[in-house]
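Colleague: Generate coordinates for the sequence data below:
(one chain, ligands or ions: 1)
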Amino acid sequence: MAARLSREVARDILRRKLMFGFANGLRHSTTAAGGGRPLIPHFSKRGRLFLAGGTIGLAIAGAAYVSTVDGATRTGWLFSATTYLNPLFALLDAEFAHRLAVSAAARGWVPKEDRPDPPLLGLEVWGRKFSNPIGLAAGFDKNAEAVEGLLGLGFGFVEVGSVTPVPQEGNPKPRIFRMREEGAIINRCGFNSEGIVTVAKRLGAQHGKRKLDETSSTHASSDAERQGGKAGPGILGVNLGKNKTSEDAAGDYVQGVHTLSQYADYLVINISSPNTPGLRKLQGRNQLKDLIKRVRAARDEMQWGEEGPPPLLVKIAPDLSKQDLEDIAAVTLALHVDGLIISNTTISRPDPVSKNPLAQEQGGLSGKPLFDLSNNILKEMYILTRGKIPLIGCGGVSSGEDAYKKIRSGATLVQLYTAFAYGGPALIPQIKMELAKCLERDGIKSIHEAVGIDCR
Ligand SMILES: Cc1cc2nc3c(=O)[nH]c(=O)nc-3n(C[C@H](O)[C@H](O)[C@H](O)COP(=O)(O)O)c2cc1C
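Modeller: Prediction:
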């Protein structure tokens, strides 16, 4: 019976295709412009019944199938499905696409990772538990609009900012340039920021909830926890910047500390953006020493509970000389800085980017072409600091193998931005899975065990 019906429908379609052309037959209009000719195939009653029944049957079968698969598979599908949006985002202006992505994450219109991280990826740094070492670098959520959504994607930690004391527009647009083929971006945003007060309000509103989630997940005996996997809602870093016209850089960072440190699991002094005049000079030995002393004093003067103050990190550039690196290492060790982020974007234009006409654009280069440069600095810094302080490896990470290389080069934690901007949410579970496989392949039992292996 069904076979006869389907033959009838097929004959019906064929007849119409021959008569009117198939393309016309599928148009969503009942008449052609001026011709009065029916454009939607007019099936016999039996044919219509068969089509409707078939569609409903398929829908029911699909829903029934989806309900039989477990939650983890469904989550996997959701993450994979986001890759279909990537070509659409690619068509949009870079900054508009970025705005859209942040808004979507802020509204929770992104998949939520509910699969536990491989236990192998869990680690403790600065007394804080990370369920995995893969973090979102600063600059994506500059104004802390989407912390929950971004952490929900499965990042082990998310860094917001850079936040400036007073709101500022940043440089004129366009200021973000995509070089898709090279997996790179040049940006000269210049710290566009809504300022510390607005960001503090946003973080304040989420903070209680975040901490509550953390506590409950610490005590919950969920499957995830038994497996040693997902450890709560993730870690939040706050990255501090300075205003373009401010004369007192240290004063700006101190304001940031006073207003935002209570919400941060760690704080970052960003002195390495190439888009704020004079900022990178703060990496010089004496200036860095004075800056760290003042900022740390501001943090320590505040009242802190049992957990103590958030660790203080410094984010450095990849364009530093051997002498600069030695100076920074010496100051870092002498002043017991809690960590370094290595690195920010580069003002250089390594191959293959140098051949792209967009390479002429002023600003900092990120993404794949930055990998080797930032990794070399990371290795040098790991050796100079004798593996004594945690380093966050950042620059050009786009796979689990890249993250693994960063860790082997001395990074305890890893961050990415550009690859996420291109690859979207699906990249996060992929990187974590690949990283776990790398560790297993080499018989390494924990992230800590792998840190700095290539520098020994
Ligand atoms: C558009 C854009 C904006 C950025 N804004 C900031 C920022 O405000 N503060 C900061 O410390 N780093 C910022 N960064 C640098 C990133 O945090 C990261 O250090 C750099 O992009 C290298 O990582 P990646 O190669 O994975 O992108 C920005 C990067 C991009 C692409």
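Colleague: And the strands in the stretch 201-350 of the chain, which stretches?
Modeller: 235-240, 266-270, 312-316, 339-342 (DSSP state E, counting those that start in this stretch).
Colleague: do the same with the stretch 51-200 of the chain
Modeller: Using DSSP E, counting those that start in this stretch, the strands of the stretch 51-200 of the chain run over 123-125, 128-130, 134-136, 157-163, 176-179, 184-187.
Colleague: list the helices and strands the first one packs on?
Modeller: Of the remaining helices and strands, those touching strand 123-125 by 3 or more Cβ pairs under 8 Å, 6 or more residues apart in numbering; DSSP states H and E are strand 128-130. For every residue, glycine as well, the C-beta is placed using N, CA and C.
Colleague: I'd like the average pLDDT over the strand it packs on.
Modeller: Mean pLDDT, computed over strand 128-130, is 94.
Colleague: That one: how far from the chain's middle?
Modeller: Averaging C-alpha positions (Cα atoms, centre = their mean, to the nearest Å) puts strand 128-130 18 Å from its chain's average.
Colleague: Repeat that for stretch 44-59.
Modeller: Averaging C-alpha positions (Cα atoms, centre = their mean) puts stretch 44-59 45 Å from its chain's average.
Colleague: With stretch 284-302 instead?
Modeller: With Cα atoms, centre = their mean, you get 29 Å for stretch 284-302.
Colleague: before we move on, what about stretch 385-394?
Modeller: With Cα atoms, centre = their mean, you get 21 Å for stretch 385-394.
Colleague: repeat for stretch 422-429
Modeller: 8 Å.
Colleague: Over to stretch 169-176?
Modeller: 21 Å.
Colleague: what do you get for stretch 397-413?
Modeller: Taking mean C-alpha positions (Cα atoms, centre = their mean), stretch 397-413 and its chain are 15 Å apart.
Colleague: Do it and the ligand come into contact?
Modeller: Yes: contact between stretch 397-413 and the ligand, assessed by Cβ under 6 Å from any ligand atom, occurs at residue 397.
Colleague: re earlier: to residue 234, which of the strands of the stretch 51-200 of the chain lies closest?
Modeller: Ranking those by their distance to residue 234 (criterion: Cβ to Cβ) puts strand 157-163 first, at 5.8 Å.
Colleague: Redo the strands of the stretch 51-200 of the chain as CSV? Include distance to residue 253.
Modeller: Listed next are the strands of the stretch 51-200 of the chain as CSV, based on distance: least, Cβ to Cβ, whole Å:
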stretch, distance to residue 253
strand 123-125, 22
strand 128-130, 22
strand 134-136, 21
strand 157-163, 10
strand 176-179, 25
strand 184-187, 22
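Colleague: now those in a markdown table, with mean neighbour count?
Modeller: Below are the strands of the stretch 51-200 of the chain laid out as a markdown table (neighbours: other Cβ atoms under 10 Å):
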| stretch | mean neighbour count |
| --- | --- |
| strand 123-125 | 18 |
| strand 128-130 | 19 |
| strand 134-136 | 25 |
| strand 157-163 | 28 |
| strand 176-179 | 20 |
| strand 184-187 | 26 |
